[in-house]
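S.K.: show me how the following folds:
(2 chains)
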Protein chains: 2
Amino acid sequence: MLSYNEVQSEDLNKWSFAEVHFNPLALGKCEAIMSLGNGYMGLRSAAEESYIGEKRNLFVNGTFNKFDEFEVTELPNTADITRLDIRIDGTRFSLERGTVTQYERMLNIRDAELVRSFIWEYEGKKIRFEFRRFVSLAKLHQIGLKVSITPLNEGITLVINSGIDGQVSNSGSQHFHEGEKRIYDKTFLELIQTTTESKVDFVHGAAHRLRLNQQEIDTAPKMDIDRRKVAVSYAFDVAAGDCLEFEKMATVFTSRDREFAEGTSLDDIRQHALAELKAFHSAGYDPLFAEHQLAWSKVWEQYNVSIQSSNSFDQLAVRFAIYHLVIMTPAHDRRMGIGAKGLSGEGYKGHSFWDTEIFILPFYIYTHPEVARSLLEYRYLGLEGARAKAIENGFTGAMYPWEAAWPSDGEVTPEWGQVDIVTGKQIKIWSGFIEQHITSDVAYAVWHYYKATGDQDFMDRYGYEMIFDTAKFWASRLEWNEAKGVYEINEVVGPDEYKEHVDNNAFTNYMASFNIRLAMEYYHSLQNSNADLFQSLNGKLELEEAMNEWQSKIEQIYLPQPNQDGIIPQDDTYLQKKLIDLTPYKLQSKVGSIFDDYNLDQVGEMQVSKQADIMMLFFLLEDQFTPEVKRANYDYYEPKTLHDSSLSMSTHSILANDFGDRDLAYQLFERASQIDLGPYMYSSDAGIHSASLGGIWECVVLGFAGVRMLGGELHMNPNLPKAWDELSFPLYWQGQRLEVHINRETLTLTANSDQEVQLVIHGNPIKFSTELQIQY
Amino acid sequence: MLSYNEVQSEDLNKWSFAEVHFNPLALGKCEAIMSLGNGYMGLRSAAEESYIGEKRNLFVNGTFNKFDEFEVTELPNTADITRLDIRIDGTRFSLERGTVTQYERMLNIRDAELVRSFIWEYEGKKIRFEFRRFVSLAKLHQIGLKVSITPLNEGITLVINSGIDGQVSNSGSQHFHEGEKRIYDKTFLELIQTTTESKVDFVHGAAHRLRLNQQEIDTAPKMDIDRRKVAVSYAFDVAAGDCLEFEKMATVFTSRDREFAEGTSLDDIRQHALAELKAFHSAGYDPLFAEHQLAWSKVWEQYNVSIQSSNSFDQLAVRFAIYHLVIMTPAHDRRMGIGAKGLSGEGYKGHSFWDTEIFILPFYIYTHPEVARSLLEYRYLGLEGARAKAIENGFTGAMYPWEAAWPSDGEVTPEWGQVDIVTGKQIKIWSGFIEQHITSDVAYAVWHYYKATGDQDFMDRYGYEMIFDTAKFWASRLEWNEAKGVYEINEVVGPDEYKEHVDNNAFTNYMASFNIRLAMEYYHSLQNSNADLFQSLNGKLELEEAMNEWQSKIEQIYLPQPNQDGIIPQDDTYLQKKLIDLTPYKLQSKVGSIFDDYNLDQVGEMQVSKQADIMMLFFLLEDQFTPEVKRANYDYYEPKTLHDSSLSMSTHSILANDFGDRDLAYQLFERASQIDLGPYMYSSDAGIHSASLGGIWECVVLGFAGVRMLGGELHMNPNLPKAWDELSFPLYWQGQRLEVHINRETLTLTANSDQEVQLVIHGNPIKFSTELQIQY
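M.R.: Residues are numbered from 1 along each chain as shown, chains lettered A, B, ... in the order given. Below you'll find the model as predicted:
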């Protein structure tokens, strides 16, 4: 049971949430939503003591490995350092035994610290426990743990076994060689493991400090080296009333870390790691936690969205989203993307999807453009794999992979999924083959970033090339239909993944057309503005030839139009499919429940959608459709949409705002906010939902504040939910940082320079310098 | 807590033992000592519901795989089929919660069935559980489980999730590709996995049947396919007083199974497996358990040792030993050996040591010679690897590996072990390089088998070649010491593994000399008796040349002699090493505890032995030493011996008998019997101790009954312990089966044919036909 009100500390109100009863049947929930991280690594918040059903995960971004030739590459679950085996008077401590009172497991979002505390009573002895943990944002390789144990009524004999455990795997797939195990000076534990295929070296370190009533204890542990494991055991008697503090300082380095130049030897990395471990050990938990706290205070200066609402959950939800967006994003290294589950679980194997470009990138474009640029540069590096994928599939240009890992990997979508309830076989996953809209999504993101930031350097180095080469792909992908005299895109999966092998998915066709038109526009503008660069790219990409092809095809691309009822067909056959009563499957707590009754082939023959599809089209290309068409399609498609994807709800919320239904928009925002943080205890088991978290920020800033980039202009259409009195957030536009403050009547904008800002508020063009305050 | 007296069923007295209180901190004990098997496969007895700290192991003999180039080959832990996730009213059933009464987990040795029963009370509801399990000895590929659940006072909602779980590993090393998962007709579950390096295909099947109050229920389960996993969930409401029975029928086949000829396709194996699964499913638990029971009744006709003792533990201990010897031995396939932990744990990776030849083989030689022959043929097949090892090490002939896996593998001893408490590094394991006596142990076993059985066919096909080629190895291994004018064997590890890199380990030198002399003897006898075979072997092994070398060296091999005190130096330096007080380390419950205080280098400099060394020499070559020398050495070495090897105690017991100390012999037998079955709760965690179990039988038959083969003659020197009134056992000699019955005064022998039997009883040569009864 999660609670958002019972957090003990007053000053953490709206900055934290807690589990107030331990639930051994829903361990995954808090493990994922309370996970810690810093973009370099992500640590799932499994308890120190083990439980049946737990998932102990520690991922380092970008360290992909392939278990064998039959599996796709994935982020390996590296050695666990959080597990402690705690024995009290010879009994293994576990919350499943004894009586637990004053239980609270709290994620302090402000400081990015996990705090767990309770009193455990077992065989007459009462013991107070407190566990603290952080993954440093100041020093990306550090993890700190602190445990305080206080027997309250009787003395105890305490044994703590702690170390580095490389017996973990990714649900059975082991990505590491056993490696080398070492204990220096009975104090510094080291486990060095290398991934089996990608040969990334991991250097794990751990060391401990102990204090009794604030006094340092110097006690020699029992050493324990086992298969894939190195550990130490400390034993003490603790008298009633005494407080034993146990600190664990751990470090993780890998040979893929950007600070190690190519060719840095493992021994150099090892020495570096050991030195950092020793420094960390010598400092202890508190000073390094203070550094980490300071780093997080800067995060909140950069990103904080403030909401005054009669529903305090709203403020928490958006901070929760920002917290997770920060911990999942590899802002330190452009060679890495964002995983669909961040670094909080094994789901989707750490792969990047269109989730990044469409649902997360706007957050960074408008609140930290440097990070947005880094994420787009990751896609630029991915051109290598995208070009290879195009060639493999008989096309030209850049065909982005549906799922991406290391940039040069190309397509890494697995081929087989869950059970088909009719055949008893595994379901084939078609996305990696035919879910092709990702390519235009990337081009769209480049355009979005450029228009909002004006970052010409990015365009010159990376952006033009990406837009041209994706357009080349689409031109080669078009299929001529002689009978109809149009170019079609057949045999695809659109955003709605419950419809496979469809022809002319509207979203796909419109976005392909958009992508080609964008290339054509930039062809001309670049020719004029930067002839050298144009020539250089022309040499590399044969642009003139490409332009001829674009010109010859662009007007004949089939773009499905609204029918007599104003409904745009999602694809060639959707509107002819049968209708069923979806009531039993529309409960958000049972994602995918339709597959208890039908298999994917059967669902494919019904007017049932997994997620926003036409709605996505309206969201991305909003000025191409009238409000009436949007509303008619919303009313037609939403009842047929199960929202079985976490990408669905926020898009619907934003669209509801667009056509003026503020209450519906707020209701959908609330539902979107509950995907991870709500009462659905199993929804986050495989990890949090990255796109949904970006979507929460989008609901607030693009939805209720109505921030949009339209044709290169900044638009704002504030329309706060009834429950909200005020909303503030930072907004970057053309290199300036604006502070936006919206209350019931007034919109206030403050700029951090005196450069003139132009924008359109509710349709009215406005210019200002420094500050603007208007009744909207 | 184990109990040997509280087994509820009267007729299982001395045929079973039970755990009467569940102990979550010592799970390994019952998992190992109650493990099930049939020589084809071994199933560790982890509970159906999971616990922290459990080891779920299922091994199929001979299916070795190497995880990577840094690890040695090992028996892979294959997919688990015993785990059931049982939910009662939404709570995961676990004995760590609620109140448990009438708890008993019993291994019924007679029927090889594991039975666990108790009443579980949770939140006011009382539920009776009974779990039964067998691994069929009649059909080697079958495993049966049966669960009965009876709510006693209130109805319950019950959900059982059951399937095949391939997420298991060998302590983190994953030996399988993910493989193929399938459910046929919502009933027959299939997981096909292939080992990563050795490419052995495993076909796992499982199917379920359910009955409510004896009435079959036909209910469709929810299907569940996950990574490396296939499962189904059944849900029901069970009213108070109703009994739900849940049967699981599982099958395991592999492409290494002898019944599948080379080149049998995986699809054929799969069809075969599915057909057997369907037949098993259609029959159900009870009829196939009855077949299994019948197969075990034949085991007990073949092997039963009956002891009338005032201490009923003795009878149980020897049956326990025989039970485990039968379930660990691959009697069905000569391409496989016996693992040092049988098939009951990951310890020693399924590898075969001298344990087989010296501690287990006598059991088979004297009670089932066909199996002894199969085990020796495994070593014959191992000549390939042994020859390769000799060449790699610069020798000739056959140098057997210290640890053996698949016969052609050669040496598979791992190179690194536990932590060195001084350096904090892993300890180097030298056995695979320099523990060389295994080669003469194999030759000795061939001779022992031949002399006791008279199996000339075995000698002609395999035995001579093994004896000649091992002798060739030793001749090439000898090192000439010019100063002393002797051949030495330096830089070895003898049986006492706490002394590494020693020169002239007495056991090694004597056994090498024995091996060469044996070859010389057989050279002459074969030349005379079978000139064709001699010529053939001469052509293959260059025997004439070898004979010249043997003759030139044999008399000059240095064989350490007793000093003025009658003490034979264990090696060149042992007697000069320092003495320490071993009292704190001689407690049997703390094997290896000396390493808490010293590292191996330090222990190497003390007069401290891990196990019998000189005593082994007396045991194998008993007629080469006087009783006085034996006693003096016993009295010297035993106080310095920690018995940290399970091979130690039984040898000491037998020797104590040899020099007439019956009480000491009995006391040592009791201690040997307690290695697995005694109160040491962690000693069997990595698996039972195969050699020790063979040693228990040796204590009884070679010790108290004094059965020996000396110079080809059968000797008997009965000397029952005071506590024993009668002892009976079968004894094979020269192809005849004798029934031996010994009471306080009389020895009775009955033969199963009228062929004359010659033997020596307490030094008196005797002949008889059919039956002999004498006062001894």
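
S.K.: tell me the confidence at A:Leu587?
M.R.: pLDDT, A:Leu587: 67.

S.K.: look up how far A:His448 lies from A:Leu518.
M.R.: Separation of A:Leu518 from A:His448 (CB to CB, to the nearest Å) stands at 11 Å. Using the backbone N, CA and C atoms, a C-beta is placed for each residue, glycine as well.

S.K.: so where's the longest helix in chain A?
M.R.: helix A:506-529 (DSSP state H).

S.K.: residues from the stretch 401-550 of chain A in reach of chain B?
M.R.: With CB under 8 Å from any CB of the partner chain as the criterion, the stretch 401-550 of chain A meets chain B at residues A:Gln418, A:Val419, A:Ile421, A:Gly424, A:Lys425, A:Gln426.

S.K.: let's see if you can find the most crowded of those.
M.R.: A:Val419 (23 neighbours; other CB atoms under 10 Å in any protein chain shown).

S.K.: hmm, B:Met223 and that residue touching each other?
M.R.: Yes. Between A:Val419 and B:Met223 there is a contact under CB atoms under 8 Å: 4.9 Å.

S.K.: find residues that contact each of these two.
M.R.: Residues touching both A:Val419 and B:Met223 (CB atoms under 8 Å, 6 or more residues apart in numbering or on different chains) are B:Ile183.

S.K.: how near is A:His324 to chain B?
M.R.: Counting by CB to the nearest CB, to the nearest Å, the gap from A:His324 to chain B is 24 Å.

S.K.: got a list of what that residue touches?
M.R.: Contacts of A:His324 by CB under 8 Å, 6+ apart are A:Ser35, A:Gly342, A:Ser344, A:Asp676, A:Ile688, A:Ser690, A:Leu693.

S.K.: settle this for me: the first one is touching A:Lys55, isn't it.
M.R.: Spelled out, that is A:Ser35. No. Using CB under 8 Å, A:Ser35 makes no contact with A:Lys55, being 10.4 Å away.

S.K.: give me the three-state assignment for whichever residue of the stretch 201-350 of chain A sits closest to chain B.
M.R.: Going by CB to the nearest CB, chain B is nearest to A:Ile225 of the stretch 201-350 of chain A, at 3.6 Å. Under DSSP: H, G, I helix; E, B strand; the rest coil, A:Ile225 falls in the strand class.

S.K.: pretty sure A:Met399 contacts A:Leu383?
M.R.: No. If you go by CB under 8 Å, A:Met399 and A:Leu383 don't touch, sitting 10.3 Å apart.

S.K.: circling back: which pLDDT value goes with the nearest residue to the residue of the stretch 201-350 of chain A closest to chain B once chain neighbours are set aside?
M.R.: Closest residue in space to A:Ile225, ignoring its immediate chain neighbours: B:Val419 at 3.6 Å, by CB to CB, 6 or more residues apart in numbering or on different chains. The model reports B:Val419 with a pLDDT of 78.

S.K.: and A:Gly417, what element?
M.R.: Secondary structure from DSSP states H and E places A:Gly417 in strand A:416-419.

S.K.: paired strands for that strand, with orientation please.
M.R.: strand A:426-428 (antiparallel) (DSSP bridges).

S.K.: what's the partner strand in contact with?
M.R.: Counting by CB under 8 Å, 6+ apart, A:Glu415, A:Trp416, A:Gly417, A:Gln418, A:Val419, A:Asp420, A:Asn599, A:Leu600, B:Lys181, B:Arg182, B:Ile225 sit against strand A:426-428.

S.K.: which among those residues count as buried?
M.R.: The neighbour count (16 or more other CB atoms under 10 Å in any protein chain shown) marks A:Val419, A:Asp420, A:Asn599, A:Leu600, B:Lys181, B:Arg182, B:Ile225 as buried among the contacts of strand A:426-428.

S.K.: return the closest of those residues with respect to A:Glu488.
M.R.: A:Leu600 (23.7 Å; CB to CB).

S.K.: spit out the contact partners of the closest one.
M.R.: Applying CB under 8 Å, 6+ apart, we find A:Leu600 in contact with A:Asp420, A:Ile427, A:Tyr498, A:Glu500.

S.K.: wait, the first one sits on A:Val603?
M.R.: If I follow you right, that is A:Asp420. No. The pair A:Asp420 / A:Val603 is not scored as a contact, 11.1 Å apart, by CB under 8 Å.

S.K.: about what we covered before: okay, the strand holding A:Gly417 in CSV with CA atoms only?
M.R.: Below are the C-alpha coordinates for strand A:416-419, written out as CSV (Å, rounded to 0.1, in the frame of the first residue of the first chain):
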residue,chain,number,x,y,z
TRP,A,416,9.6,-13.6,-29.9
GLY,A,417,7.2,-12.6,-27.1
GLN,A,418,4.6,-14.0,-24.8
VAL,A,419,2.4,-17.0,-25.2
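
S.K.: now do it: everything it contacts.
M.R.: Counting by CB under 8 Å, 6+ apart, residues outside strand A:416-419 touching it are A:425-429, A:595, B:181, B:183, B:223-226, B:230.

S.K.: again, 10 Å this time
M.R.: A:70, A:425-431, A:592, A:595, A:599-600, B:178, B:180-183, B:222-226, B:230-232 (CB atoms under 10 Å, 6 or more residues apart in numbering or on different chains).

S.K.: among those, name the ones in strands.
M.R.: A:426-428, B:180-183, B:222-226, B:230-232 (DSSP state E).

S.K.: now which of those residues would you call buried?
M.R.: A:426-427, B:180-183, B:223-226, B:230-232.

S.K.: give the contact list for A:Leu731.
M.R.: A:Leu731 neighbours (CB under 10 Å, 6+ apart): A:365-367, A:452, A:701, A:705, A:707, A:714, A:716, A:737-740, A:749, A:751, A:759.

S.K.: distance of it from A:Asp725?
M.R.: 20 Å.

S.K.: next: A:Ser169.
M.R.: 50 Å.

S.K.: next: A:Ser265.
M.R.: From A:Ser265 across to A:Asp725, the span is 59 Å (CB to CB).

S.K.: re earlier: out of the buried ones among the contacts of strand A:426-428, who's nearest A:His524?
M.R.: Distances from A:His524 to the buried ones among the contacts of strand A:426-428, taken by CB to CB, are shortest for A:Leu600, at 44.4 Å.

S.K.: tell me the pLDDT at the closest one?
M.R.: Confidence for A:Leu600, expressed as pLDDT, is 89.

S.K.: quick check: it vs A:Gln418, distance?
M.R.: Distance of A:Leu600 to A:Gln418, computed by CB to CB: 9 Å.

S.K.: what of A:Val760?
M.R.: Relative to A:Gln418, and taking CB to CB, A:Val760 is found at 47 Å.

S.K.: can you check A:Asn57 too?
M.R.: From A:Asn57 to A:Gln418 the distance is 21 Å (CB to CB).

S.K.: got it, and A:Ala386?
M.R.: In terms of CB to CB, A:Ala386 sits 28 Å off from A:Gln418.

S.K.: next one: A:Asn633
M.R.: Between A:Asn633 and A:Gln418 the computed distance is 30 Å (CB to CB).

S.K.: for A:Arg116, same thing?
M.R.: 34 Å.
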